[in-house]
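S.K.: Provided below are the primary sequence and the corresponding predicted coordinates.
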Amino acid sequence: MSQITHIKSIEHLTHDVLRVVLDKPEGLHYIPGQAVDISLNKPEWSEKKNCFTFTSLPDDDHIEFTIKTYPEHHGMTNELLSSKPGDEVLVYDPFGDIYFKGAGIFIAGGAGVTPFIAIVKNLAQQNKLNGNKLLFANKEKSDIILEDYFSSVLGKNFINVLSKAEIDGYEHGYISAELIKKYSDENLKYYYLCGPPAMMDAVEGQLKSLGIAEEFIVKEGF
């Protein structure tokens, strides 16, 4: 089942990431961290569903998505670059296995940070963010989504890892078992994981090498 809604606004968060705000469909319910299929309600696009994570909160009067664009793919994200307020969007039923289970480390690669945007916002709103950490991997500093926001609410618990840039105050390289161990804390039981498939496979292997039980690794199930 789908519902028709409309784009309220579109803006750039980074050079290749959009914040897309839509009117909230009536009766829509979701948990921070969940995602939904959407499609553009126009010829040749209405049957092409894409999955995006809500970066708004369930109580907001709108829904929001933070979307990385890939113009070279000539797909929906490229089409969104030329979309405008008032355009119709089809929204389907929310789903997803990523949601907050307890204090932990959020490990994200690129646009994989999107489920954690909603979870962090929700925890911050409830004053329950204390102790949680975000380990965020990107290529360059300019790729970091919502750096100012995460810095403001997480402070030193926001750790950036850059693979192509060496900058003071930022970790350099890739997320490794050593890096995870460096920022682990006995009070942080859960490891939340979202990113490109190859990265997720690698990090899950690193977590298991550190003795983290599968029940404490939270990721999207396929």
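M.R.: Received, thanks.

S.K.: In three-state terms, label the residue nearest the centre of the chain for me.
M.R.: Nearest residue to the geometric centre of the chain (CA atoms, centre = their mean): T114, 1.1 Å. Secondary structure, DSSP: H, G, I helix; E, B strand; the rest coil: T114 is helix.

S.K.: could you give the mean pLDDT of stretch 141-153?
M.R.: Stretch 141-153 comes out with an average pLDDT of 98.

S.K.: Now do the domain split for the chain, please.
M.R.: 3-91, 104-218 (automatic domain parsing).

S.K.: For those, give me JSON lines that also has distance to I98.
M.R.: Quick note: C-beta positions are derived from backbone N, CA and C, even for glycine. JSON lines is the format used below for those (distance: least, CB to CB, whole Å):
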{"stretch": "domain 3-91", "distance to I98": "4"}
{"stretch": "domain 104-218", "distance to I98": "5"}
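
S.K.: if we compare these, which one ends up closest to D97?
M.R.: Closest of these to D97 is domain 104-218, at 7.5 Å (criterion: CB to CB).

S.K.: and the end-to-end length of the closest one?
M.R.: 10 Å (CA to CA, to the nearest Å).

S.K.: Run the chain-centre distance for that domain.
M.R.: 11 Å (CA atoms, centre = their mean, to the nearest Å).

S.K.: Kindly report the same for stretch 77-90.
M.R.: Worked out by CA atoms, centre = their mean, stretch 77-90 lies 20 Å from the chain centre.

S.K.: ok, I145 to V17 distance?
M.R.: Counting by CB to CB, to the nearest Å, the gap from I145 to V17 is 6 Å.

S.K.: between the two, what contacts are shared?
M.R.: Common contact partners of I145 and V17 (CB atoms under 8 Å, 6 or more residues apart in numbering): T66, A111.

S.K.: mind showing which ranges of this structure have poor pLDDT?
M.R.: 221-222 (pLDDT under 70).

S.K.: can you give me the helices in it?
M.R.: 76-80, 114-125, 147-154, 177-183, 197-209 (DSSP state H).

S.K.: contacting residues for N187?
M.R.: Contacts of N187 by CB under 8 Å, 6+ apart are A103, G131.

S.K.: what sits up against stretch 174-181?
M.R.: So stretch 174-181 is contacted by 105, 107, 109, 135, 137, 161, 163, 171, 173, 191, 199, 202-203, 206-207, 209-210 (CB under 8 Å, 6+ apart).
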